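Chemist: what follows is a predicted structure for the sequence shown.
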2 protein chains.
Amino acid sequence: MGIKRHIYNCQAGCPVESTLQIISGKWKSVIIYHLLESTQRFNGLQKQMPDCSRRMLSLQLHELQADGVIQKKVYPEVPPKTEYSLTSFGETLKPVILAMASWGDMYNHRQEYVDDNVK
Amino acid sequence: MGIKRHIYNCQAGCPVESTLQIISGKWKSVIIYHLLESTQRFNGLQKQMPDCSRRMLSLQLHELQADGVIQKKVYPEVPPKTEYSLTSFGETLKPVILAMASWGDMYNHRQEYVDDNVK
DNA sequence: CAGAATCCCTTTAGATACTG
DNA sequence: CAGTATCTAAAGGGATTCTG
């Protein structure tokens, strides 16, 4: 087996850049976040992300699927029903997304505190 | 004090979206990553991010500064010297960036493994 | 060294309408 | 319900040039 690229000096193979290849894009990490707890349907996701258009949601879901992060199950029913869920590979992103969620919570509370004092 | 927005149902105040407000952008989290260990100069950062143009680096640094994540120290010398570093607020992002770096390392090794098998 | 300014082409993403 | 297709305004971002 080859020993190559074992030293990540960030000219080649910066780990953060690698992660961004998968989760960058304004909505990808948000989608993963919503899939963390449970499977979601298309419209369900959209209601939780009102600022993401149907078109954008569709595009981002496709990319996440192509990268093996999520999977889609289609039920041959009328009206149609689909369910999106994380793959096992996608599950490995959980610590990253949870770290983001945790920081965001802190930030939201900080903002609330600032807002209160300004008021 | 007001009790508002305490329930984050992700229609308003999704914590991941809040985090993205600060670190989204293709280069911001990479910049923070490089500032994690030590202060950096403009050209030093650029050498570590060859795919980020000088223009882009400048823009992203400005935004990070405006958001209070990093600070800039200018030394009145010739040739000019500047140093960028994280603020204490920026330091709070450390767990997020480290989680990303950690996942990226795993991903890079996985890719290496895949590449070896394909070869 | 550390940028700012300008030009200009490319990509993004919203709005709207349509489909199985 | 779960999308796709098309059009278009706006934003993004590279290349180049200029400055203190």
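Modeler: Yep, it's here. Numbering: from 1, shown residues only, chains lettered A, B, ... in the order given.
Chemist: neighbours of the residue of chain A found nearest DNA strand C, how many?
Modeler: Ranked by Cβ to the nearest atom of the strand, the top residue of chain A for proximity to DNA strand C is residue A:53, at 3.7 Å. (Glycine included, C-beta is placed from N, CA and C.) Using other Cβ atoms under 10 Å in any protein chain shown, residue A:53 has 12 neighbouring residues.
Chemist: also residue A:30?
Modeler: The number of residues near residue A:30, taken as other Cβ under 10 Å, comes to 28.
Chemist: in which helix or strand would I find it?
Modeler: helix A:28-35 (DSSP states H and E).
Chemist: nearest residue to the residue positioned nearest the centre of chain A other than its sequence neighbours?
Modeler: Centroid-nearest residue in chain A: residue A:29, 2.2 Å away (criterion: Cα atoms, centre = their mean). Nearest residue to residue A:29, sequence neighbours excluded (Cβ to Cβ, 6 or more residues apart in numbering or on different chains): residue A:23, at 4.8 Å.
Chemist: how many neighbours does the one you found have?
Modeler: Around residue A:23 there are 21 residues (other Cβ under 10 Å).
Chemist: state the distance from the residue nearest to the centre of chain A to residue B:86.
Modeler: As judged by Cβ to Cβ, to the nearest Å, residue A:29 and residue B:86 stand 21 Å apart.
Chemist: quick revisit: separation between the residue of chain A closest to DNA strand C and residue A:60?
Modeler: For residue A:53, the distance to residue A:60 - Cβ to Cβ - is 10 Å.
Chemist: ranges for the helices of chain A?
Modeler: Taking DSSP state H, the helices of chain A run over residues A:15-23, A:28-35, A:42-48, A:54-66, A:88-91, A:94-118.
Chemist: just send these back as a markdown table, with mean pLDDT too.
Modeler: Listed next are these as a markdown table, based on pLDDT from 0 to 100:
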| stretch | mean pLDDT |
| --- | --- |
| helix A:15-23 | 96 |
| helix A:28-35 | 98 |
| helix A:42-48 | 96 |
| helix A:54-66 | 97 |
| helix A:88-91 | 98 |
| helix A:94-118 | 89 |
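Chemist: need the winner for burial among those helices.
Modeler: helix A:28-35 (a mean of 24; mean count of other Cβ atoms under 10 Å in any protein chain shown).
Chemist: show residues contacting that one.
Modeler: Residues outside helix A:28-35 that contact it (Cβ atoms under 8 Å, 6 or more residues apart in numbering or on different chains) are A:22-23, A:40, A:45, A:48-49, A:52, A:57, A:60-61, A:63-64, A:69-70, A:84-86, A:90, A:93, A:96-97, A:100-101, B:10, B:14, B:16-17, B:20.
Chemist: any residues of chain A in contact with DNA strand C? List them.
Modeler: A:25, A:26, A:51, A:52, A:53, A:54, A:55, A:56, A:79, A:80 (Cβ under 7 Å from any atom of the strand).
Chemist: and DNA strand D, which of these contact it?
Modeler: A:54, A:55, A:79, A:80.
Chemist: any chance of CSV for those residues, columns distance to residue A:36?
Modeler: Below are those laid out as CSV (distance: Cβ to Cβ, whole Å):
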residue, distance to residue A:36
A:54, 22
A:55, 24
A:79, 27
A:80, 25
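Chemist: among these, pick out the one closest to residue A:113, please.
Modeler: residue A:54 (35.5 Å; Cβ to Cβ).
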